[in-house]
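>>> quick one: sequence and predicted model below, then my questions.
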Amino acid sequence: MATKNIAGGLLLALVGSIAFSGKAIIVKLAYRYGVDAVTLIMYRMLFALPIFAVMAWWSSRGKAALTAKDWWGVLGLGFTGYYLASFLDFAGLGYISASLERLILYLNPTLVVVMGWLLYRKPITRVQVLGMAVCYCGVVLVFGHEINLQGANAGLGALLVFGSAVSYAIYLVYSGQMVQRLGSLRLVGLATTVACVLCLLQFVLLRPMSAAQVAPEVIWLSVLNATACTAAPVLMVMMAIERLGAGLAAQIGMVGPMSTILMGVLILGEPFTAWVAAGTVLVVSGIYVFTRSGR
């Protein structure tokens, strides 16, 4: 039974990581039909809202009602972790490649540790500093190559995606106590439901309703993004963590950058150069050293 649980956990973590990585590919494909970030994320969250609402309801059955403090916490985490992080990511993908986007987001564990040091004075080891230096050098290497190809817009895109990583790191830093109190599934369901509503409100406030008229391909890509690349991997990774623990699940998640780069080359036709390969090796190696030392 234990062997089956481990094998199932490995499969869930692997498929979940690859599915998460497909989000950037779908967004880049949708941009080819002239849609903007506000409209695209509205459709993604519109189709994801029923799934996350059901998740929140299911995980709340038989549980104590949320206090006013809990609701403020859910609103804050939904804003930072899923609304703002998602919007900045979508906006940044309009300017940079899917490969660079995934490498920047992969820096997230380092940002969490730095915030822990700034807010709570949690120590950072020398080995962690070394791992951080290696992975940031990898991102700079790929960014330097891309800015030569894309121009100044690559700088804006990288800044937006880095802001997304920072926003999600804030969510991770402040969600610890709420996860213990509410449970991970309930918190994710509630916070993502809040984010979905915020994305819909953003579209209503910033765009005329005529902007919702998009190419049919955008609709189908958004449905795929909401289900296969958003809701499904959230559940798969959570189930994998239950079977394997966070450490091993995170190590399997290292397949994410490689799968994004591979899909970017095969589906989007993005170039795979020695610079991209070298940068990816540095980022993945640095994060591996960093997470092993932290554990």
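Thanks, I have it. Numbering: from 1, shown residues only.
>>> going forward, measure contacts between C-alpha atoms and count neighbours the same way
Will do.
>>> residues contacting the nearest residue to Val218 once chain neighbours are set aside?
The spatially closest residue to Val218, leaving aside those adjacent along the chain, is Ala30, at 5.4 Å (Cα to Cα, 6 or more residues apart in numbering). In this structure, Ala30 makes contact with 40, 217-218, 221, judged by Cα atoms under 8 Å, 6 or more residues apart in numbering.
>>> drop anything exposed from those.
40, 218, 221 (16 or more other Cα atoms under 10 Å).
>>> coming back round to it: turn the contacts of Ala30 into TSV, columns for pLDDT and secondary structure.
Listed next are these as TSV, based on pLDDT from 0 to 100; DSSP: H, G, I helix; E, B strand; the rest coil:
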residue	pLDDT	secondary structure
Leu40	95	helix
Glu217	95	helix
Val218	95	helix
Leu221	95	helix
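>>> adding distance to Leu159, write those out as CSV.
Formatted as CSV, those follow (distance: Cα to Cα, whole Å):
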residue, distance to Leu159
Leu40, 20
Glu217, 29
Val218, 26
Leu221, 25
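>>> which of these sits closest to Ala133?
Nearest to Ala133, judged by Cα to Cα, of the contacts of Ala30 is Leu40 at 34.7 Å.
>>> for that closest one, what are its contacts?
By Cα under 8 Å, 6+ apart, the contact set of Leu40 is 27, 30, 218, 222.
>>> ok, and the closest non-adjacent residue to Val74?
Leaving out its chain neighbours, the residue that sits closest to Val74 by Cα to Cα, 6+ apart is Ala191, at 5.4 Å.
>>> isn't the one you found up against Thr80?
No. Here Ala191 does not reach Thr80: they are 9.4 Å apart, not a contact under Cα atoms under 8 Å.
>>> who has more neighbours, those two?
Taking other Cα atoms under 10 Å, Ala191 and Thr80 do not tie; Ala191 has more neighbours (26 against 21).
>>> for the more buried one, which residues are in contact?
Ala191 touches 74-75, 77-79, 81-82, counting by Cα under 8 Å, 6+ apart.
>>> host element of it?
Assigned by DSSP states H and E, Ala191 belongs to helix 184-206.
>>> average pLDDT for stretch 42-61?
Averaged over stretch 42-61, pLDDT sits at 92.
>>> can you give me the helices for the chain?
Using DSSP state H, the helices of the chain run over 2-31, 37-60, 68-77, 85-92, 98-105, 108-120, 126-150, 152-182, 184-206, 216-226, 232-244, 246-252, 255-263, 274-294.
>>> so which of those is the most surrounded?
Sort the helices of the chain by mean neighbour count, taking mean count of other Cα atoms under 10 Å, and helix 98-105 sits at the top with a mean of 26.
>>> which residues touch it?
Here helix 98-105 makes contact (Cα under 8 Å, 6+ apart) with 21, 24-25, 28, 89, 92-93, 139, 142-143, 158, 161-162, 164-165, 256-257, 260-261, 264, 280, 283.
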